[in-house]
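Q: sequence-free structure coming up:
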Ligand code: PRX
């Protein structure tokens, strides 16, 4: 880890408090802090009873579980011996009462629309599930999903869950190389993709990327291609099959595979502090219980809601709060394919007005971008259908929070700032909108049953107001179970700071009310425009370039993106810095990882500052990148001239 907790200095002082609007509380699932406290106490007193009750309420179990929790730190098993199926819980369970209710409302970037009722979605899922079986996909096999934000993405995930296959969704913005690395790590048998997707008026060439990667993905036997951007699919080889051809003639009925609670549901790759992304593994029962419960509580979901979470299914938010959480609750989930400002700055507000969306869940980076574009865009639209606003992915600055509340929510809608991670599977720290008074910039309080604590490196509680490391000190149902294929990394990354306690990688503090204020990552992971990236991944992409000798990538605060990426690069002998080379390197990173990882700034350096033992001094580089005089002791610097040279390089 890069920093010690003494270096986590909190600078934010925010005194505004907004109690939940009375009218909201009256109708809410949880109406007061007394409700919250009661559940909190219940969960703390007897966690196994609390979670057992929740699990029975949230899910249909084909066979009941016998043991709520089997905890052999750091390994947890939840709802042991229970059997369930997540597609059944998302679909079949609702058919008696919600067959004709829209499950998915879809709007493509080019304004095409689709509606899938629960009845229709069940049919699509079953046909694809049967289609996958016909390709030889069996329980436990891994299936890659590399799709745009179209209903097929949800259909694909649910079809996998139906037959007990383990899905691994790769964000459509990732490159062929990134896809290849993830599919090989997972040993995927089949990849589900599309000819392309629409983004900012252009086609994202998903199929081309898959085709480029295919010769290097030996485990992939078949690629199923959905039609999205063109009429005629040209499929270039025996491994490729058209989605519509595959599902044609398949039965509408597919008996769910009743899997054990701990059966893997999905692998989702996420960045860590090394160059190799981690395959975070989630299992079925525990994940489902938390995803379902938190969706209802945090978004105070009601039968007639039109719920819109703008995340892509390529990220965990898309898994838990576009697909599984809303569908388990029988809600209507809105899916939008494209860019937030295409074709104009008011696309989001236009969508909200036309669909009469009631709940909006998005990222601070989007909120800040809209704020900058000006109030006139939302003001053109009738946003009176909205009743709740959510934020996720990075700390939200109070100014953006206030704008969200005042301009988008028109002062009427509670704002829930939800803290969680790919690894936690579901929301952990968040207001309950009918109960919790909110403070701009604070994720407020842990949900009942979630034991979040701010500790120092020795495990001592840090006094209120002081920054420390955020741990979760007891297991919870939707926690990750392991890092796929690397169980040792699971232990090392999450449970070696303090044995038995889950280390989040985030810094945080609490205030005198016990509210949590998240202060960002303390490891070499950064959140760029709401996307989580490991600086080491970008570094290894850079050093893979023939002219680069060494690279160090750090984050610098950015008004819009939250964090911008600054790369310090030293070149191999005989190569000279140039503006063209900067461009080429940026392009190279986009090709290796994806456009989201493209450095915002590249600085050439003669050498990088290192300690005597040869470690790159990243904190120092962060200060240089941010234009700050470093507070860090530089006496261990290998060569002080290096630092001076880096500063001169500022222009
Ligand atoms: O640093 C925290 C930040 O995002 C990280 C998790 O990223 P990822 O696994 O991609 O999941 C994002 C969506 C859940 C965390 O370690 N983060 C997420 N939500 C918040 C946040 N930081 C502050 N406030 C939040 N509400």
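A: Arrived safely. Note that the coordinates shown come from a computational prediction; the quantities given were computed from them, not determined experimentally.
Q: which one's the longest helix in the protein?
A: Longest helix in the chain, counting residues (DSSP state H): helix 118-134.
Q: what pairs with the following helix or strand past it, parallel or antiparallel?
A: Downstream of helix 118-134, the next assigned helix or strand under DSSP states H and E is strand 142-146. Next to strand 142-146 in the sheet, as set by DSSP bridges, lie strand 166-169 (parallel), strand 190-194 (parallel).
Q: near the ligand, which residues of this protein?
A: When proximity is defined by C-beta under 6 Å from any ligand atom, the chain lies next to the ligand at 270, 315-317, 392-395, 417-422, 443, 504-506, 518, 521, 527, 532. Where C-beta positions appear, they are placed from N, C-alpha and C, glycine not excepted.
Q: same thing but at 8 Å, please
A: 270-271, 311, 315-317, 364, 391-396, 417-424, 427, 429-430, 443, 504-506, 518, 520-521, 525, 527, 530-532 (C-beta under 8 Å from any ligand atom).
Q: okay, angle between the longest helix of the chain and strand 142-146 too, please.
A: Here the directions of helix 118-134 and strand 142-146 differ by 120 degrees (axes from the mean of the first three to the mean of the last three C-alpha atoms, to 10 degrees).
Q: can you pull the contacts of the single nearest residue of the stretch 351-500 of the chain relative to the ligand?
A: Taking C-beta to the nearest ligand atom, the ligand has its nearest neighbour within the stretch 351-500 of the chain at residue 422, 3.4 Å off. Contacts for residue 422 (C-beta atoms under 8 Å, 6 or more residues apart in numbering) come out as 268, 270, 280, 315, 316, 480, 532.
Q: where does the stretch 551-651 of the chain have low pLDDT?
A: 629-641, 644, 647-651 (pLDDT under 70).
Q: hey, where'd the helices end up in the stretch 1-150 of the chain?
A: 22-27, 33-45, 47-58, 86-90, 95-98, 118-134 (DSSP state H, counting those that start in this stretch).
Q: how far off centre is the fourth one?
A: By that I understand helix 86-90. 21 Å (C-alpha atoms, centre = their mean, to the nearest Å).
Q: that helix - contacts with which helices or strands?
A: helix 151-163, helix 285-298, helix 325-328 (3 or more C-beta pairs under 8 Å, 6 or more residues apart in numbering; DSSP states H and E).
Q: so which residues make contact with that helix?
A: Here helix 86-90 makes contact (C-beta under 8 Å, 6+ apart) with 59-60, 125, 129, 158-159, 161-162, 256, 265, 284, 288, 292, 323-324, 327-328.
Q: what's the neighbour count on the closest residue to the ligand within the stretch 151-300 of the chain?
A: Residue nearest to the ligand within the stretch 151-300 of the chain (C-beta to the nearest ligand atom): residue 270, separated by 5.2 Å. For residue 270, the count of nearby residues is 19 (other C-beta atoms under 10 Å).
Q: one more: residue 362?
A: Residues near residue 362, counting by other C-beta under 10 Å: 23.
Q: contacts only, for the nearest residue to it once chain neighbours are set aside.
A: Distance criterion C-beta to C-beta, 6 or more residues apart in numbering; nearest residue to residue 362, sequence neighbours excluded, is residue 310 at 4.5 Å. By C-beta under 8 Å, 6+ apart, residue 310 lies in contact with 336, 340, 348, 360, 361, 362, 363, 366.
Q: quick one: residue 310 and the ligand, what's the gap?
A: Applying C-beta to the nearest ligand atom, to the nearest Å, the value for residue 310 to the ligand is 12 Å.
Q: hmm, back to that, can I get the helices and strands packed on helix 86-90 in TSV with mean pLDDT and mean neighbour count?
A: Shown next, in TSV, are the helices and strands packed on helix 86-90 (pLDDT from 0 to 100; neighbours: other C-beta atoms under 10 Å):
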stretch	mean pLDDT	mean neighbour count
helix 151-163	99	27
helix 285-298	98	27
helix 325-328	98	28
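Q: bridged to the residue lying closest to residue 321 once chain neighbours are set aside, which residues?
A: Leaving out its chain neighbours, the residue that sits closest to residue 321 by C-beta to C-beta, 6+ apart is residue 309, at 4.5 Å. Note on residue 309: beta-bridge partners residue 361, judged by DSSP bridges.
Q: residue contacts, residue 309?
A: Contacts of residue 309 by C-beta under 8 Å, 6+ apart are 317, 318, 321, 322, 326, 333, 361, 362, 390.
Q: SS state for the third one?
A: Local secondary structure at residue 321 is given as helix here, using DSSP: H, G, I helix; E, B strand; the rest coil.
Q: so what's it up against?
A: 291, 295, 299, 309, 311, 361.
Q: shaky segments in the protein?
A: 1-13, 629-641, 644, 647-651.
Q: need phi/psi at the nearest residue to residue 499 once chain neighbours are set aside.
A: Leaving aside its sequence neighbours, residue 499 sits nearest to residue 73 (C-beta to C-beta, 6+ apart; 6.9 Å). Per-residue torsions, residue 73: phi -50, psi 130 (degrees, to the nearest 10).
Q: which residues touch the closest residue to the ligand within the stretch 201-350 of the chain?
A: Proximity of the stretch 201-350 of the chain to the ligand (C-beta to the nearest ligand atom) peaks at residue 317, 4.8 Å away. The contact partners of residue 317, taken as C-beta under 8 Å, 6+ apart, are 309, 311, 361, 392, 393.
Q: from these, which is closest to residue 145?
A: residue 311 (14.8 Å; C-beta to C-beta).
Q: now the nearest residue to the closest one once chain neighbours are set aside: which helix or strand?
A: Excluding the flanking residues, the one nearest residue 311 by C-beta to C-beta, 6+ apart is residue 317, at 3.6 Å. Using DSSP H and E, residue 317 sits in helix 316-318.
Q: ok so, going back, which of the helices of the stretch 1-150 of the chain sits closest to residue 547?
A: Closest to residue 547 of the helices of the stretch 1-150 of the chain is helix 118-134 (C-beta to C-beta; 44.4 Å).
Q: give the buried residues for that closest one.
A: Buried residues in helix 118-134, counted by 16 or more other C-beta atoms under 10 Å: 118, 120-133.
Q: quick check, residue 554 in a strand?
A: Yes. When three-state DSSP is applied, residue 554 is found to be in a strand.
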